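Engineer: here's my sequence, what's the structure:
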Amino acid sequence: MTSTPISQRLRGSLTALVTPFRDGAFDEHAFRAFVAWQIENGTHGLVPVGTTGESPTLSHAEHDRVVEACIDEAAGKVPVVAGAGSNSTAEAVERSVHAEKAGADALLIVTPYYNKPTQEGLYQHFKAVNDAVGIPILIYNIPGRSVIDMTVDTMARLYELPNIVGVKDATANVARASLQRQAMGEDFIQLSGEDATALGFMAHGGHGAISVTSNVAPRLCADFQEACLAGDFRTALALQDRLMPLHTHLFAETNPSPTKYALARLGLMGDEVRLPMVPVGEGTRALVDGALRHAGLTNG
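Structural biologist: Residues are numbered from 1 along each chain as shown. Prediction:
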């Protein structure tokens, strides 16, 4: 355990964890072993049941169990940022309250998808979660999946609330890091949600990334983030060159199917996903195999 405030621990490489399945059910044994492997390989934080964790197809009971298992296995060694978002405000509050009671260090709350709230609706949604809990909240801004984009002005309003501490920015627009830094100041935590552009995001003042690639390459991603945070962008660029094929090809089909295939190739879990996700095709398998070789994670 550490006495460092949680808002100062949300730095570096945080893994957007996959949720392993076996014969259609949550494979808790594989998940716990995977969490332990992540920590052993230098990951700075864990983010269960986000998009990569297939949260849309988990039951509420499964969602809660994944969070509980992650917190238990992490045992305070690294912070756990529990995914707790929903396009139903009442459901987001319910999942958030559960995660806090289970011992999560912070929450990741996605902008409501599908129902397309206004900026005022976004504000009220996040305020409701803020008012229901007493742990830090990261806004998850991902216009590509949720359709709506939270403006910098709305984010600045939310930052005035006591529990809103930062953002997972999956806009892939590195200029947003500078605009958000200008509006909220350098203490507003900015985590990239887009692996391929994380290098630029960090140069614009980011504090880390919630990464898909770090499922597969936790040590390389941790080393990359540590180099960025130290201002050693020459080393970071060399690591980016090793990781870029993974950053690209883990999204050759919809996440997390390619990532689960890669993890199966590494012998860490099966590649089972839940419909409407399907296992990757032969072409994507070849691309991911090549990316694993390029990163030095496999020999063939």
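
Engineer: mind checking which helix or strand Ala90 is in?
Structural biologist: Under the criterion DSSP states H and E, the helix or strand holding Ala90 is helix 89-102.

Engineer: His29 too?
Structural biologist: helix 28-40.

Engineer: quick one, what contacts Ser211?
Structural biologist: Contact analysis of Ser211 by C-beta atoms under 8 Å, 6 or more residues apart in numbering lists Ser13, Leu14, Thr15, Ala16, Ser192, Asp195, Ala198, Cys221. Glycine gets a C-beta too; all of them are placed from N, C-alpha and C.

Engineer: how about a cut-off of 7 Å?
Structural biologist: Ser13, Leu14, Thr15, Ala16, Asp195, Cys221 (C-beta atoms under 7 Å, 6 or more residues apart in numbering).

Engineer: contacts only, for the last one.
Structural biologist: Right, the one you point to is Cys221. Taking C-beta under 7 Å, 6+ apart, we find Cys221 in contact with Ser13, Ser211, Thr213, Ser214.

Engineer: same question, Asp195
Structural biologist: The contact partners of Asp195, taken as C-beta under 7 Å, 6+ apart, are Ala209, Ser211, Val212, Thr213, His247.

Engineer: so which bits of stretch 13-25 are buried?
Structural biologist: By neighbour count, and taking 16 or more other C-beta atoms under 10 Å as the criterion, the buried residues in stretch 13-25 are Ser13, Leu14, Thr15, Ala16, Leu17, Val18, Thr19, Pro20, Phe21.

Engineer: of all those residues, which comes closest to Gly76?
Structural biologist: Leu14 (15.4 Å; C-beta to C-beta).

Engineer: element containing the closest one, please.
Structural biologist: Applying DSSP H and E, one finds Leu14 within strand 12-16.

Engineer: show me what the helix or strand just after that strand is in contact with.
Structural biologist: On the C-terminal side of strand 12-16, the closest following helix or strand by DSSP H and E is strand 21-22. Judged by C-beta under 7 Å, 6+ apart, the contacts made with strand 21-22 from elsewhere in the structure are Asp27, Ala30, Gly270, Glu272, Arg274.

Engineer: just for the stretch 1-150 of the chain, where's the confidence low?
Structural biologist: Across the stretch 1-150 of the chain, residues meeting the criterion (pLDDT under 70) sit at 1-3.

Engineer: helices of that one, residue ranges please.
Structural biologist: Taking DSSP state H, counting those that start in this stretch as the criterion, the stretch 1-150 of the chain contains helices spanning 6-9, 28-40, 60-74, 89-102, 119-132, 143-146.
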